[in-house]
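# Kindly return the folded structure for what I paste below:
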Amino acid sequence: MLKNIKKNLKNQIKIKGQVVAVVCDVSSPEAKKMEKELLAKRGTLQFHDLLMKFNALFGVRKYVHNNLVTTVGREVLARLLAGDATYSGEINYGALGTDDTAVDNSDTTLGSESYRNQTASQTFANNIAYIDFYYEATECDGNYKEFGNFIDGTASADTGQLFSHVNVDWTKSNTESLTVSCIYTIT
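Predicted coordinates:
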């Protein structure tokens, strides 16, 4: 009986991850002013709405990717369902990396992490989690080939449990901001 329940759960519950990244030109006085307003709202419920307006006004490139929810990420969720609170389950860091090796289900870190930031906003509705990361114009720049987010990470590279990992091809200059919005749908 237990075997059948596990089989049914495996066949029915799925996590679909999508990453939407927007690069914005922040070189104008208007963009700089709005970015300051945006940063003041980081971590609040108003952040996401203001971020969407900012991206619509100053966005110059948009990327959409389906991403892989890793084995270690799914393991954290299974532990929580079984009452094991070893990990909080909260995605709290998003990291950019430069390695273009194909992502794999068994990944536990990025191939070559180069910069990470804390979550800027997070919410959920109707079995969908929305988690945003914001990289200011002057924080980092470069050519990024991978993105991942982490459960219970710290400011140090390669910390926390890698929840998802995706190959990307994003370029960001020091006059551009980068928004990475992660959308996780559980069906």
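# Show the contacting residues for D152.
Residues near D152 by CB atoms under 8 Å, 6 or more residues apart in numbering: Y87, S88, E90, N92, G160, Q161. Backbone N, C-alpha and C define where each C-beta goes, glycine included.
# now those in a markdown table, with distance to V103?
Shown next, in a markdown table, are those (distance: CB to CB, whole Å):
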| residue | distance to V103 |
| --- | --- |
| Y87 | 21 |
| S88 | 24 |
| E90 | 22 |
| N92 | 20 |
| G160 | 17 |
| Q161 | 15 |
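# What's the first helix or strand after whatever helix or strand K33 lives in?
Here K33 is covered by helix 29-40, with elements defined by DSSP states H and E. Next helix or strand after helix 29-40 toward the C-terminus (DSSP H and E): helix 46-58.
# packing partners for that next one?
strand 15-25, helix 29-40, strand 121-125, strand 128-135, strand 176-186 (3 or more CB pairs under 8 Å, 6 or more residues apart in numbering; DSSP states H and E).
# a markdown table please, covering those and showing distance to G148.
A markdown table is the format used below for the helices and strands packed on helix 46-58 (distance: least, CB to CB, whole Å):
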| stretch | distance to G148 |
| --- | --- |
| strand 15-25 | 10 |
| helix 29-40 | 23 |
| strand 121-125 | 16 |
| strand 128-135 | 11 |
| strand 176-186 | 10 |
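# Same list (those) but as TSV, adding mean pLDDT, mean neighbour count and distance to R61.
Listed next are the helices and strands packed on helix 46-58 as TSV, based on pLDDT from 0 to 100; neighbours: other CB atoms under 10 Å; distance: least, CB to CB, whole Å:
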stretch	mean pLDDT	mean neighbour count	distance to R61
strand 15-25	95	19	4
helix 29-40	95	14	15
strand 121-125	92	14	21
strand 128-135	95	20	14
strand 176-186	96	21	9
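# Nearest to S156, out of these?
For the helices and strands packed on helix 46-58, the distance to S156 is smallest for strand 128-135, at 16.7 Å, taking CB to CB.
# Would you mind pulling up the elements that that closest one packs against?
helix 46-58, strand 91-97, strand 113-118, strand 121-125, strand 176-186.
# ok, that strand: who's next to it in the sheet?
strand 121-125 (antiparallel), strand 176-186 (antiparallel) (DSSP bridges).
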